[in-house]
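Novice: here is the input, now give the coordinates:
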Amino acid sequence: MLSFSYDDRQVWLDDLSSPDEEGPAIALCTAHSDSRTVPVGWELTDRRRVNDRHLFIPVGASNTDVA
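Specialist: Numbers count the residues shown, from 1 in each chain. The predicted structure follows:
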């Protein structure tokens with residue numbers, strides 16, 4: 001989840017399972033979250049937990065491959 005504050009020039013990346021933040025927010029997959037950049041003068045804070053960054057099971061993975 002990408003949320004932001006124009007007034008504070010802040011951008012936050014949170015887990016999709018996180019409670020909704022107030023204000024504008026956009027749900028993004030991991031690939032798009034990982035490729036985001038912010039405008040010059042803005043600060044990006046990645047608050048995602050490392051183990052929650054995989055939204056989909058890879059093609060060809062068996063049920064035993066998924067924790």
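Novice: so where do the strands sit in this structure?
Specialist: Counting by DSSP state E, one finds strands in the chain at the ranges 2-5, 10-13, 25-26, 43-46.
Novice: turn these into JSON lines, including mean neighbour count and distance to H32.
Specialist: Where you see a C-beta, it was placed from the backbone N, CA and C, and this is true even at glycine. Below are the strands of the chain laid out as JSON lines (neighbours: other Cβ atoms under 10 Å; distance: least, Cβ to Cβ, whole Å):
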{"stretch": "strand 2-5", "mean neighbour count": "17", "distance to H32": "9"}
{"stretch": "strand 10-13", "mean neighbour count": "17", "distance to H32": "10"}
{"stretch": "strand 25-26", "mean neighbour count": "13", "distance to H32": "9"}
{"stretch": "strand 43-46", "mean neighbour count": "12", "distance to H32": "13"}
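Novice: ranking those by mean pLDDT, which is last?
Specialist: Taking the average pLDDT of each of the strands of the chain, the minimum falls on strand 25-26, with a mean of 88.
Novice: quickly list what the nearest residue to P24 once chain neighbours are set aside is bridged to.
Specialist: Excluding its sequence neighbours, the residue lying closest to P24 (Cβ to Cβ, 6 or more residues apart in numbering) is F4, at 6.1 Å. For F4, the beta-bridge partners are V11 (DSSP bridges).
Novice: please name the nearest non-neighbouring residue to D14.
Specialist: Nearest-residue entry for D14: M1, 4.6 Å, with adjacent residues in sequence omitted and distances by Cβ to Cβ, 6+ apart.
Novice: spit out the contact partners of that neighbour.
Specialist: Neighbouring residues of M1 by Cβ atoms under 8 Å, 6 or more residues apart in numbering: L13, D14, D15, L16, S18, D20, E21, A25, I26, A27, L28.
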